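Trainee: attaching a predicted model along with its sequence, questions to come.
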Amino acid sequence: MLHPDKIRYMQRLQQAATHQHFFYTSGRTDLAGFDRLAKKFAEAYGTELSRQTKHKHRMAGEASTCLHAVRLTARSANGQRVVDWVLLVSEGRGLVTRREQLQDLRDPHSRLKSSDQQHELVHDGKSWSWRLTHRSYNLCLDRIHRIASLSPDRRRQIEIDGVLRDADAEILLDQLYAEPGFRLVRRQVGKLVAELRRDWKRLRPASGPQLSERSFLAYVRFLPDRPVVNGLTHAERREAFLCAFPEQAKNAVVY
């Protein structure tokens, strides 16, 4: 399935891992290329079979498969939107295990990463969840220490709701609290914010701008499927319909 946004895409990959689809191969293409790929995988590997049929195959010792992809904002050389895709496979025999060079997402050296390479899917002994990669986390730590230790002549102040704040620290906090609220990401964001507050108390004067208070990073709620069809999201299909048929569209339902 082609998803319109990163969160739905990451949720479905997490669900696939939870249902023991531990092996995967991935790639990047454009919309036209993904349509061809999806048809090929459906015919060869049964990616679009019903959940019940896939369960029967697994009980018979056969591998089941699922295909998930996300439409990115970037465009290919021919102007089409770029698509990142992942084919996930359960244990078992089948054509897919013979044809495809599969990686194991349980292997620390081949963990499945998000499209922007900022997050990785891991099992921490409790369940599958996404977290910031070690590189992303360490880059955040370096940024925290760099911002907190800026010399007075390099500090930038802004006014928020009538209160002076440090511009760089507030931008960083905005970005941290915009992270997708998966369980392990929330834990990491909490540690990073605590580190920023410790550094701030240690390196910045109490008379200067202080960090704003933020509410906790909310959990990611479950998002229903909103597949991209013919390159368009549900909202885009509705908008196109409304523009083409304004009178008929008043009471119409666009799928």
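Mentor: Perfect, thanks for sending it. Residues are numbered from 1 along each chain as shown.
Trainee: flag every buried residue along stretch 213-230.
Mentor: Residues of stretch 213-230 classed as buried: 217, 220, 228 (neighbour count, 16 or more other Cβ atoms under 10 Å). Quick note: C-beta positions are derived from backbone N, CA and C, even for glycine.
Trainee: residue ranges for the strands of the stretch 51-200 of the chain, please.
Mentor: Applying DSSP state E, counting those that start in this stretch to the stretch 51-200 of the chain gives strands spanning 65-75, 81-89, 103-104, 119-123, 128-132, 157-160, 163-166.
Trainee: please produce TSV containing these, extended by distance to residue 55 and mean neighbour count.
Mentor: TSV is the format used below for the strands of the stretch 51-200 of the chain (distance: least, Cβ to Cβ, whole Å; neighbours: other Cβ atoms under 10 Å):
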stretch	distance to residue 55	mean neighbour count
strand 65-75	12	20
strand 81-89	15	22
strand 103-104	22	14
strand 119-123	22	20
strand 128-132	19	22
strand 157-160	53	11
strand 163-166	54	16
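Trainee: I'd like those strands as TSV, with mean pLDDT and distance to residue 47 appended.
Mentor: Below are the strands of the stretch 51-200 of the chain laid out as TSV (pLDDT from 0 to 100; distance: least, Cβ to Cβ, whole Å):
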stretch	mean pLDDT	distance to residue 47
strand 65-75	94	4
strand 81-89	96	7
strand 103-104	98	18
strand 119-123	98	19
strand 128-132	98	20
strand 157-160	96	48
strand 163-166	97	49
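Trainee: dump those strands into TSV; add distance to residue 192 as well.
Mentor: What follows is the strands of the stretch 51-200 of the chain, written out as TSV (distance: least, Cβ to Cβ, whole Å):
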stretch	distance to residue 192
strand 65-75	25
strand 81-89	26
strand 103-104	29
strand 119-123	14
strand 128-132	9
strand 157-160	20
strand 163-166	16
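Trainee: ok, residues contacting the top helix by length along the chain?
Mentor: What stands out as the longest helix in the chain, according to DSSP state H, is helix 183-203. With Cβ atoms under 8 Å, 6 or more residues apart in numbering as the contact definition, helix 183-203 has outside contacts at 119, 122, 124, 127, 129-132, 137, 140-141, 144-145, 147-149, 169, 172-173, 176-177, 179, 210-211, 214, 216-217, 219.
Trainee: one step back: between the strands of the stretch 51-200 of the chain, which one is nearest to residue 49?
Mentor: strand 65-75 (8.5 Å; Cβ to Cβ).
Trainee: so what are the sheet partners of that closest one and their directions?
Mentor: Note on strand 65-75: by DSSP bridges, its sheet partners are strand 2-3 (parallel), strand 81-89 (antiparallel).
Trainee: the longest one: how far from the chain's middle?
Mentor: Same thing as strand 81-89. The chain centroid and the centroid of strand 81-89 are separated by 12 Å under Cα atoms, centre = their mean, to the nearest Å.
Trainee: can you pull out the helices in this structure?
Mentor: 6-18, 31-45, 51-59, 95-99, 134-148, 167-176, 183-203, 234-244.
Trainee: okay but residue 128 is in contact with residue 122, surely?
Mentor: Yes. Under the contact definition of Cβ atoms under 8 Å, residue 128 touches residue 122, with a separation of 7.3 Å.
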